[in-house]
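A.B. asks: coords below, sequence missing:
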């Protein structure tokens, strides 16, 4: 399959706090070298990495540095990274909002971009007028726009306000109409930044569904920036992880998501080398694939924990001694606890327990574990808290009714009965 977009040595440099090089002599030198001699900008050889948290050691900063990758036609590519990583700058260069300092982008086909609320809209013009204006900018005829007009308005849900100036729209209404225009005017390449987060849950679900239709059904290319990893995993085939303006990882979407969540550091495990306690929890880890061992689970897959317990030879286990495993929300709310009596199992110095939590039960979100060895209401022998951070993501299974709405921590199938009279 041919490449729809090719990024070749793309770099973007800014000067902090200033537009020019500050001095007339520097500006004249830059103009002379670039426009008369055909040389590279002489001030590109300096500059610091774009780390927004670090104190600058130069007046110049690289927002992007040496970006090289290809996007094939029909691919849905997620661009992932922290704030300030260079994601929006990359999309602005692709959309020709700004020019790269070095390198070039080769794209095949029309590009429709939704980079921020109100992109491409004139505030004094009505929604209807803006639809026609955007279509004309994209090279469409009036007949083409007329054919798509009703679909755009219906999808956006702003029919009542279509003849009202856009300056009177809320941010949610503006992004609804902006996305509808970008998606329905048949671009070969659709570029969407984090703006979908402005819309409500219903619209986000519609927008993601539409992007899936565009890529799968129509074979068009989508570049998507978001901090919503559920949406990334559900929508994208391929992922690019950016850090400080540079590409750190390119592969199928799951690995860059792992990088973003910090799971490459194997946060999904616990280890205690030695303890003076008579019985203690020495190791806890997830069981499964590489992603599972890092703490990343699809909603329709079970969570499995391997727990290793060690004891001193002189310690006799009380017959009421229990191993308890509790699942906690990120704010520390205990969701449930499962328990196992230890007395009948531990007869040596070490014992391993594998515990499996059922799938299709826990809602997508971030969780952690608390594990304790205790004699109920008498003594706590060992406890480890806030370990094995894990993320459950929406895998797109038909069973899952999750749509981004906070419906609680569990997905429960209830039995319904009714009397029809």
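C.D. replies: It's in. Fair warning: this is a prediction, and the values are worked out from it, not measured in the lab.

A.B. asks: Identify the bridge partners of residue 252.
C.D. replies: Beta-bridge pairing for residue 252 (DSSP bridges): residue 238.

A.B. asks: list the contacts for it?
C.D. replies: 237-239 (Cβ atoms under 8 Å, 6 or more residues apart in numbering). In this view, the C-beta of every residue, glycine as well, is placed from N, C-alpha and C.

A.B. asks: roughly how far apart are residue 132 and residue 179?
C.D. replies: Relative to residue 179, residue 132 is positioned 17 Å away (criterion: Cβ to Cβ, to the nearest Å).

A.B. asks: Look at those two and report which has more neighbours.
C.D. replies: Legend: neighbour count by other Cβ atoms under 10 Å for residue 132 and residue 179, higher for residue 179 (28 against 17).

A.B. asks: Just to check, that one is in contact with residue 190?
C.D. replies: No - counting by Cβ atoms under 8 Å, residue 179 stays clear of residue 190, with 9.3 Å between them.

A.B. asks: Give me the nearest residue to residue 148, chain neighbours excluded.
C.D. replies: The shortest distance from residue 148 to any non-neighbouring residue, by Cβ to Cβ, 6 or more residues apart in numbering, is to residue 184 (5.0 Å).

A.B. asks: What is the neighbour count of the one you found?
C.D. replies: 24.

A.B. asks: tell me the pLDDT at it?
C.D. replies: As predicted, residue 184 sits at a pLDDT of 82.

A.B. asks: got it, and residue 4?
C.D. replies: The model's pLDDT for residue 4 equals 84.

A.B. asks: show me what contacts it?
C.D. replies: Residue 4 neighbours (Cβ under 8 Å, 6+ apart): 71-75, 107-109, 188-189, 221.

A.B. asks: Check the residues you listed and tell me the two furthest apart.
C.D. replies: For the contacts of residue 4, the farthest-apart pair by Cβ to Cβ is 74 and 107; their separation is 14.2 Å.

A.B. asks: that older thread, ranking the contacts of residue 252 by neighbours, who comes first?
C.D. replies: Neighbour count (other Cβ under 10 Å) singles out residue 239 as the most crowded of the contacts of residue 252, with 25 neighbours.

A.B. asks: Leaving out chain neighbours, which residue sits closest to it?
C.D. replies: With Cβ to Cβ, 6+ apart as the criterion, residue 239 has its nearest non-adjacent residue at 3.3 Å, and that residue is residue 256.

A.B. asks: got the contact list for the one you found?
C.D. replies: Residue 256 touches 78, 80, 239-241, 249-250, counting by Cβ under 8 Å, 6+ apart.

A.B. asks: Just checking, which helix or strand succeeds whatever helix or strand it lives in along the chain?
C.D. replies: Secondary structure from DSSP states H and E places residue 256 in helix 254-261. Note on helix 254-261: by DSSP H and E, the next helix or strand toward the C-terminus is strand 269-271.

A.B. asks: Average pLDDT for the following helix or strand past that next one, rounded please.
C.D. replies: Remark: after strand 269-271, the chain's next helix or strand is strand 279-286, criterion DSSP H and E. The predicted model assigns strand 279-286 a mean pLDDT of 90.

A.B. asks: again, but for stretch 14-21
C.D. replies: Computed over stretch 14-21, the average pLDDT equals 60.

A.B. asks: Stretch 233-242 too?
C.D. replies: Mean predicted lDDT for stretch 233-242 stands at 84.

A.B. asks: just the strands in the stretch 51-200 of the chain please.
C.D. replies: Secondary structure of the stretch 51-200 of the chain (DSSP state E, counting those that start in this stretch): strands at 60-72, 76-80, 102-107, 111-114, 189-192.

A.B. asks: Show me what residue 12 bridges to in the sheet.
C.D. replies: Beta-bridge partners, per DSSP bridges, of residue 12: residue 64.

A.B. asks: Grab the nearest non-local neighbour of residue 284.
C.D. replies: Residue 284 sits nearest to residue 270 (Cβ to Cβ, 6+ apart), 4.2 Å away.

A.B. asks: right, I mislabeled it, should have said residue 345
C.D. replies: residue 351 (5.9 Å).

A.B. asks: does that neighbour count as helix, strand or coil?
C.D. replies: strand (DSSP: H, G, I helix; E, B strand; the rest coil).

A.B. asks: Next, the buried residues of stretch 160-168.
C.D. replies: 161-162, 165-166 (16 or more other Cβ atoms under 10 Å).

A.B. asks: nearest to residue 394, of the residues you listed?
C.D. replies: The nearest one, if we look at these relative to residue 394 and count by Cβ to Cβ, is residue 161, at 31.7 Å.

A.B. asks: neighbouring contacts of the strand or helix carrying residue 222?
C.D. replies: Using DSSP H and E, residue 222 sits in strand 221-225. For strand 221-225, the external contacting residues (Cβ under 8 Å, 6+ apart) are 4-5, 71-80, 87-88, 91, 94, 109, 188-194, 211, 214-215, 231-232, 235-236.
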